[in-house]
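> Sequence and predicted structure below; questions after.
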Amino acid sequence: MRLQAAVQLIYPPQCLSCDAQVTSDFGLCPQCWRDTPFISGLVCDCCGVPLPGDDPDEVVQCDDCLAIVRPWSRGRAAMVYRDNARRMVMALKHGDRLDLAKPAAGWLKRAAAPLLQPDTLLVPVPVHWLRLIRRRYNQAALLSAALARHCALPHCPDLLIRSRNTHSQEGRDREGRFLNVEAAFRLNPKRAWQMQGRPVLLVDDVMTSGATLAACTDTLLEGGAARVDIVVMCRVAKEG
């Protein structure tokens, strides 16, 4: 305790997003907290996007989830993908900010609380091995591992394999996004037994159209998962 106090005296905790001093490690300063669009209140039960309304326990779906058949059961998101939330995701994904996974796990746990069961298996959306070599880590796996530790739940980081090196989803329309990830995932035969007959929580950093999450969910359900729910750090939401 004395050593920790001495370290904090020499190196006081800084905001996760800026250089401002904060009272504890892995915290946000007041300004960055205000600029971070955390999701609360009424949300779509299928994808977690915030909806107009006051009752967080009401089960409703957004227009997108009413129009598109989602293979997963329920979904949640910790933040809307804009402002400081977008900056933190980009820092985690491309800026080697691996330290962001720990606080993000707390935000994910709060968002995913209605989905968590004692035997839930946490599984990340995988990246292709060529991309893993270039980036050196899978941000979704960092998030799912941190969330699993935070919730004391089992974690299988390599249950899913991205068998095809898909191109970036950026700039594609909805149909193009779904076609891009079609048949892009398969189960790791050495790990498939871990999910047989049990609920799976699929973890990713960002959900836009849901194409990648849908392709992963289809693979998990076909392989024997009892059900699949999803949770993401950020959900892209329509402005207005």
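Structure's in. What do you need?

> so where do the helices sit in this structure?
Here the chain has its helices, by DSSP state H, at 2-10, 30-34, 63-67, 83-94, 101-112, 129-135, 139-151, 174-180, 211-222.

> looking at these, which is closest to Arg162?
Smallest distance to Arg162 across the helices of the chain (Cβ to Cβ): 7.9 Å, for helix 129-135. Quick note: C-beta positions are derived from backbone N, CA and C, even for glycine.

> which other residues reach the closest one?
Identification of contacts with helix 129-135 by Cβ atoms under 8 Å, 6 or more residues apart in numbering yields His94, Val127, Asn138, Arg162, Asn165.

> From the chain's centroid, how far away is that helix?
Put simply, helix 129-135 sits 19 Å off its chain's centre (Cα atoms, centre = their mean, to the nearest Å).

> Need the CA coordinates for that helix. CSV is fine.
Output in CSV follows, covering the C-alpha atoms of helix 129-135 (Å, rounded to 0.1, in the frame of the first residue of the first chain):
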residue,chain,number,x,y,z
TRP,A,129,-4.0,-14.4,-38.6
LEU,A,130,-2.5,-12.1,-41.2
ARG,A,131,-4.1,-9.1,-39.6
LEU,A,132,-3.1,-10.4,-36.1
ILE,A,133,0.5,-10.5,-37.2
ARG,A,134,0.3,-6.9,-38.3
ARG,A,135,-1.6,-5.6,-35.3
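
> Could you shift the numbering so residue one becomes 3, and keep it that way?
From this message on, residue numbering opens at 3, which makes the last subject helix 131-137.

> mean confidence for it?
Mean per-residue pLDDT for helix 131-137: 86.

> same check, this time on stretch 227-241
Stretch 227-241 shows a mean pLDDT of 94.

> how far out from the middle of the chain is it?
7 Å.

> Would you indicate which residues of it are buried?
Burial within stretch 227-241, assessed by neighbour count using 16 or more other Cβ atoms under 10 Å, is assigned to 227-239.
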